[in-house]
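**Q** Curious how this folds, go ahead:
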Amino acid sequence: MNTRITSLISMLPENTDAAIIISNENRRYFTDFVSSLGYLVVTREKTYLLVDSRYEEAAGKQAKNCTVVPFRKLSDSLGEIINCRKIKNVLLEGSAFTLNDAADIDRILSEYGAVSEKSRTLDDIICKQRIIKTADETDKMLKAQRITEKALKAVIRNIKEGMTEKDIALDLEFIMRKSGADSVSFDLIALAGENTSMPHGVPSERRIKKGDLLLFDIGATVDGYHSDMTRTYAFGYASDKVKRVYDTVLKAQLNALSAVHSGAKCSDIDKAAREYIDNAGYQGLFGHSTGHGVGLEIHEAPSVSPKNDFILQSGMVITVEPGIYIPGEFGIRIEDMVIVTNDGCINLAAMPKELTII
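**A** Residues are numbered from 1 along each chain as shown. Predicted coordinates:
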């Protein structure tokens, strides 16, 4: 049996006979199979992947660590497994099931004398597994990071006055996909001028002009694993105010990076960046968390936030991304993705961070 599934089974509560997983990322984590719909039923003896006719052939060829069960009627196929394995108590993936999904599953379970538990228990078990990345996982993330950097380098070489934010975002995505990315990690952020003060602004028809700051929050995926990086540039020239703010963000990020190591609290990483920004006179202008976990999802545990006292462990991958945002003027953010180690971290980003005028 696959070690990921074996580990999952070993952490299930004693009274649990089976677990049902439906989120795309978690099904992929355990089976290596990608689909928009499916039911992974993990029993203590055997694991089943229930898919409809759209995925029957592909799952049969590609899914690992499970027995593929094509279904025409979910209640019949799931019922057969319940009867075969004498299942009475089922743990559901709480964060993935909608109220309608859970009601449908409960109706099927009740027909066969089984009941479900709706809680975060299964989510927490899987999170505990996924939060520590293997070398294979970090290799994929590093490949995604290098594709991201290649795209950004190519785009900033060719930026011209009059280009729109949308033009630039489209160029970035095109180069990433052409360079081997499966997809982009999220809707790419390419912002100019006053729009950079919106941390998650959406690229628009706004045209680039001299004196603008350009903020890029971008990432690619390789075999399902994400990269995430932010860089901010000055186009044409940078004012003294921009230089002061940029220097503050950079020093705050370096402070936070130096605080990362196995055994550190997430809140202390955040504090290292936030206190520096506040003490520099920009209190209230850094509104978001300092970082987050990355993996099969672009945002996953742990949250590197002021209220999260979660203890980092070696092998976790997080971002470190402080910023300062002055409404109506500009915003600056610098983000790296790092692997936590016993005595520090390994920075997966190789792009320079000093203020660059392009």
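**Q** Outline the domain layout of the chain.
**A** 3-130, 135-347 (automatic domain parsing).
**Q** Please identify the deepest-packed of those domains.
**A** A comparison of those by mean neighbour count, using mean count of other CB atoms under 10 Å, puts domain 135-347 on top with a mean of 19. Where C-beta positions appear, they are placed from N, C-alpha and C, glycine not excepted.
**Q** now that domain, how far from the chain's geometric center?
**A** 13 Å (CA atoms, centre = their mean, to the nearest Å).
**Q** sorry, back to before: reformat the domains of the chain as TSV; add mean pLDDT.
**A** Formatted as TSV, the domains of the chain follow (pLDDT from 0 to 100):
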stretch	mean pLDDT
domain 3-130	96
domain 135-347	98
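**Q** which residues of this structure fall in helices?
**A** 3-11, 24-31, 56-62, 74-85, 99-111, 121-130, 135-158, 165-178, 240-259, 266-277 (DSSP state H).
**Q** got the contact list for the fourth one?
**A** Going back to what we said before, that points to helix 74-85. 17-18, 39, 41, 43-46, 48, 50, 69-71, 87, 104-105, 107-109, 111-114 (CB atoms under 8 Å, 6 or more residues apart in numbering).
**Q** 10 Å instead?
**A** 17-18, 20, 39, 41, 43-46, 48, 50-52, 67, 69-71, 73, 87-88, 90, 104-105, 107-109, 111-114 (CB atoms under 10 Å, 6 or more residues apart in numbering).
**Q** so which of the domains of the chain gets nearest Glu354?
**A** Of all the domains of the chain, domain 135-347 sits nearest to Glu354, with 7.3 Å by CB to CB.
**Q** gap between the two ends of that closest one?
**A** For domain 135-347, the separation between the terminal residues is 15 Å (CA to CA, to the nearest Å).
**Q** cool, stretch 197-213 as well?
**A** 10 Å.
**Q** what residue lies at the spatial centre of this protein?
**A** Geometric centre of the chain, nearest residue: Ile298, 1.5 Å, by CA atoms, centre = their mean.
**Q** What distance do you get for that one to Leu215?
**A** Distance of Ile298 to Leu215, computed by CB to CB, to the nearest Å: 17 Å.
**Q** repeat for Asp106
**A** 47 Å.
**Q** Equivalent analysis for Arg28, please.
**A** In terms of CB to CB, Arg28 sits 31 Å off from Leu215.
**Q** Not counting sequence-adjacent ones, nearest residue to Ile22?
**A** Ala96 (5.0 Å; CB to CB, 6 or more residues apart in numbering).
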